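S.K.: below are the sequence and a predicted model for it; my questions follow.
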Amino acid sequence: MSKAMELIVAGYVRGKDRRALAELLAHRRKMLGELQAVSGIDPTNAIQAVQDELAIIEAGLEELKPPPGSVPENEWS
């Protein structure tokens, strides 16, 4: 899934769609929490995959971050 996530994030970055990236990040964080709460099976591989995707999404958000001083911090958050 990492290659697919890289392509999805690249498309959002190209389109400067910070909202879509933020929603994707929130969804993957929710998935990670649910996987960490699973019992009865070993979700280690799935957890690692979601953590890898989170890193890709966070890197995409970093690319869209405005240059320091160009936008007040409270407008970016």
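M.R.: Cool, got the structure. Values in this document were obtained by computation on a predicted structure and should not be read as measured data. Numbers count the residues shown, from 1 in each chain.

S.K.: and Gly69, what pLDDT?
M.R.: Gly69 is assigned a pLDDT of 71 by the prediction.

S.K.: what about it, which SS state?
M.R.: Following DSSP: H, G, I helix; E, B strand; the rest coil, we place Gly69 in the coil state.

S.K.: before we move on, what about Ile41?
M.R.: Ile41 ends up coil, using three-state DSSP.

S.K.: that one: how many residues sit nearby?
M.R.: Counted with other C-beta atoms under 10 Å, residues neighbouring Ile41 total 8. Yep, even glycine has a C-beta here, placed from its N, CA and C like the rest.

S.K.: torsion angles phi and psi at it?
M.R.: Backbone torsions of Ile41, given as degrees, to the nearest 10, read phi -140, psi 170.

S.K.: cool, and Ala10?
M.R.: Reported as degrees, to the nearest 10, the phi and psi values for Ala10 are phi -60, psi -40.

S.K.: list the contacts of it.
M.R.: Taking C-beta atoms under 8 Å, 6 or more residues apart in numbering, we find Ala10 in contact with Gly60.

S.K.: okay, now Asn45: neighbour count?
M.R.: Neighbour number of Asn45 under other C-beta under 10 Å is 9.

S.K.: tell me which element it falls in.
M.R.: Taking DSSP states H and E as the definition, Asn45 sits inside helix 44-64.

S.K.: now that helix: buried residues?
M.R.: Neighbour-count burial for helix 44-64 flags Ala46, Ala49, Val50, Glu53, Leu54, Ile56, Ile57, Gly60, Leu61 (criterion: 16 or more other C-beta atoms under 10 Å).
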